[in-house]
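Q: Predicted model, plus sequence, below.
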Amino acid sequence: MTESDRQLLRSQRLTRFSETLGHTFADMHLLDRALCHRSYRYETLGVNHDNERMEFLGDAVLNFLISELLFQRFPKLDEGQLSKLKAYFTSSTYLARQARLLGVGDYLLLGRGEEASGGRQKSSLLENALEAIIAALYLDGGMAAAADFIHTHMSREITLLGGKNIIFDYKTALQEYTQKTMKVLPNYVVNKVEGPEHQPLYSVSITLGNDTFGPETATTIKEAQKKLARKVLTHLMKQPSDKS
């Protein structure tokens, strides 16, 4: 197959994928770039871009649009409830699942090593690619195009879960968030145990790099960790992102 044939085939596949996304791209190169993993750039002559910068932008656009959608859709929910839902709908687990439903893995450009190791199904690659796709939509069609995508593919589930007390793993969510935005993992420390043996009270803190949060107390270590993880996650999500 000649290079011209490969480019034509790629163009045809991207056109089909854009139909799945529900957007007609004026600049199809944006979508192509959003699907280009750094391993492909490293191994392919003439390719000098990948999707990492677009991932950065897409993450910001996604967080804003999800926040706006939740704020408008659920006027009776308080800040804690909104933060809980936002953390779920921007989590690595949720985004990777959405990427699989869209078939994102089928369109990724991967290096040989990443291809051989099953990169098309890796959650981290799929999550990052989906964020980059959202950036491509934003760059090509403005906030309206990105919002249309969010409403089409996430709005129904947001509505279904918004009124329910969904089971949420705050420790996992905090770990995903800090690993992604701060490049550190939370370290849980049991400071002390008070009270009688039959009803102990555990005091737990969290360290993130040079920062310490807490303490939080509960009758079990697990519950204290969960309560503190929720508080720390809510606090961090209010702060300006320095993701790079």
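A: Great, that's in hand. Residues are numbered from 1 along each chain as shown.
Q: Where does the prediction get shaky in this structure?
A: By pLDDT under 70, the low-scoring segments of the chain are 1, 160-168, 238-244.
Q: Go again with 80.
A: Along the chain, the parts satisfying pLDDT under 80 run over 1-6, 45-47, 80-81, 84, 156-157, 159-169, 173, 234, 237-244.
Q: So which residues of it form helices?
A: Assigned by DSSP state H, the helices in the chain fall at 3-21, 28-34, 38-43, 52-73, 79-89, 92-102, 112-116, 123-162, 170-181, 221-238.
Q: Switch those over to JSON lines; also include distance to P215 and mean neighbour count.
A: C-beta: built from backbone N, CA, C; applies to glycine. Converted to JSON lines, these look like this (distance: least, Cβ to Cβ, whole Å; neighbours: other Cβ atoms under 10 Å):
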{"stretch": "helix 3-21", "distance to P215": "46", "mean neighbour count": "13"}
{"stretch": "helix 28-34", "distance to P215": "43", "mean neighbour count": "20"}
{"stretch": "helix 38-43", "distance to P215": "40", "mean neighbour count": "17"}
{"stretch": "helix 52-73", "distance to P215": "29", "mean neighbour count": "18"}
{"stretch": "helix 79-89", "distance to P215": "19", "mean neighbour count": "18"}
{"stretch": "helix 92-102", "distance to P215": "28", "mean neighbour count": "18"}
{"stretch": "helix 112-116", "distance to P215": "42", "mean neighbour count": "13"}
{"stretch": "helix 123-162", "distance to P215": "31", "mean neighbour count": "19"}
{"stretch": "helix 170-181", "distance to P215": "16", "mean neighbour count": "18"}
{"stretch": "helix 221-238", "distance to P215": "8", "mean neighbour count": "18"}
